[in-house]
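*Asks:* could you look at this predicted model? Sequence included:
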Amino acid sequence: MKFTIRRAAAVATAAAVAATLAACGPSQTSGAGAASAGGADDGTITIGVHSGWDEGIAVSHLWQRILEDKGYDVELKTADAGVVFTGLAEGDYDLNFDTWLPLTHASYVEKYGDQLEELGTWYDDAKLTIAVNEDAPINSLAELADNADLFGNKLVGIEAGAGLTETTQKRAIPTYGLEKMEYLISSTPAMLAELDGATKAGNNVAVTLWRPHWAYDAYPIKDLEDPEGAMGDAEEIKTMGRSGFAEANPDVAAWIKKFTLTDEQLFSLENIMFNEMGGKDNDAAVDQWLKENPDFVAGITG
């Protein structure tokens, strides 16, 4: 994503776009060299990808490669979250790899109920954070106010409309007495530029961030502990399918159930895709990552 759009997305989006999606039922035609290749009339497995959500983009491209190498035809469709969940419910999309529960996407799951099916959890530490450089002399948000001068008395944030920004303003700052720090509300690129500049200069820096994000692989940073839980609990990222997907595609469903990524694996994939390659060649990024993780696919599909 960036977290800006995630938390700001309204449930009403789904209703608004529902009328624009054609109601086409799933078929069970076979893909080349594969059994029951999915929902579309042409046998293609269609993956709905939330626009701007980095981890979902990265994982969707990874699964496109995995499935195509197994003989399936795969198509990625990028849209807002509301469109994706409506598409899953209507059978226009087969899979979504970026469903955050129990909070972020709960309204969509509740709305569509048995029109969706949960296929697995692949990441269980998705959360909002305040991060500092790894060698900073503090480890907790409870220490930040007393050491604000070490960080130039500023906390670098992202977009004004982000849920992360709202959580920081309404919960973290009053909870930990950070009102005297300058809270810079800017943009995600500006925050990353501050982080990059401070890292290169060897300076302390405090930024609002979220997991998963490629910055954890690109920079020597750590999350400050949050003893009061002001930033909220961690969420799980799940794979959701259209109703009947697992029955129609038992092999794929079994692979998805086994699929998990560690922080190191996910952050490195995102770093290659969005930092090193700038999001310009996601297929090449997946190729590079798989070369660096040669046993990964076999561990899922073997």
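*Replies:* That came through, no problem. Not measured: the values here are computed from a predicted model.

*Asks:* burial check on V286, number of neighbours?
*Replies:* 21 (other C-beta atoms under 10 Å). Any C-beta I mention is one placed from the backbone N, CA and C, and that applies to glycine too.

*Asks:* that one against H61, yeah?
*Replies:* Yes: here V286 lies in contact with H61, judged by C-beta atoms under 8 Å, at a distance of 5.2 Å.

*Asks:* identify the contacts common to the two.
*Replies:* Taking C-beta atoms under 8 Å, 6 or more residues apart in numbering as the criterion, V286 and H61 both touch M273.

*Asks:* would you put the C-alpha positions of stretch 106-114 in PDB?
*Replies:* C-alpha atoms of stretch 106-114 as PDB (Å, rounded to 0.1, in the frame of the first residue of the first chain):
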ATOM      1  CA  ALA A 106     -13.200  -7.300   8.700                       C
ATOM      2  CA  SER A 107     -16.100  -5.300   7.200                       C
ATOM      3  CA  TYR A 108     -15.600  -6.900   3.800                       C
ATOM      4  CA  VAL A 109     -15.400 -10.400   5.200                       C
ATOM      5  CA  GLU A 110     -18.500  -9.800   7.300                       C
ATOM      6  CA  LYS A 111     -20.400  -8.300   4.300                       C
ATOM      7  CA  TYR A 112     -19.800 -11.100   1.900                       C
ATOM      8  CA  GLY A 113     -19.800 -14.000   4.400                       C
ATOM      9  CA  ASP A 114     -20.000 -17.400   2.700                       C
END
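
*Asks:* that one: how far from the chain's middle?
*Replies:* Centre-to-centre, stretch 106-114 and its host chain are 19 Å apart (C-alpha atoms, centre = their mean, to the nearest Å).

*Asks:* run through who's touching it.
*Replies:* Here stretch 106-114 makes contact (C-beta under 8 Å, 6+ apart) with 11, 14, 81-82, 85-86, 88-89, 99, 101, 116, 240, 243.

*Asks:* give me the buried positions along it.
*Replies:* Buried residues in stretch 106-114, counted by 16 or more other C-beta atoms under 10 Å: 107-109, 111-112.

*Asks:* any chance of these in JSON lines, with secondary structure, pLDDT and distance to V74 too?
*Replies:* Shown next, in JSON lines, are the buried residues of stretch 106-114 (DSSP: H, G, I helix; E, B strand; the rest coil; pLDDT from 0 to 100; distance: C-beta to C-beta, whole Å):
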{"residue": "S107", "secondary structure": "helix", "pLDDT": "90", "distance to V74": "28"}
{"residue": "Y108", "secondary structure": "helix", "pLDDT": "94", "distance to V74": "23"}
{"residue": "V109", "secondary structure": "helix", "pLDDT": "94", "distance to V74": "24"}
{"residue": "K111", "secondary structure": "helix", "pLDDT": "95", "distance to V74": "27"}
{"residue": "Y112", "secondary structure": "helix", "pLDDT": "96", "distance to V74": "23"}
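
*Asks:* give me the most central residue, the protein.
*Replies:* Taking C-alpha atoms, centre = their mean, the centroid of the chain lies closest to E55, which sits 3.5 Å from it.

*Asks:* pretty sure that residue sits in a helix.
*Replies:* Yes: E55 forms part of a helix when assessed by DSSP: H, G, I helix; E, B strand; the rest coil.

*Asks:* quick one: contacts for the closest residue to it other than its chain neighbours?
*Replies:* Leaving aside its chain neighbours, E55 sits nearest to P212 (4.7 Å; criterion: C-beta to C-beta, 6 or more residues apart in numbering). With contact set as C-beta under 8 Å, 6+ apart, P212 has these partners: 54-55, 123, 125-126, 237, 263, 266-267, 270.

*Asks:* any idea how far P212 lies from L195?
*Replies:* 16 Å (C-beta to C-beta, to the nearest Å).

*Asks:* out of the contacts of stretch 106-114, which is most surrounded?
*Replies:* Ranked by neighbours (other C-beta under 10 Å), the contacts of stretch 106-114 are led by F85, which has 30 neighbours.
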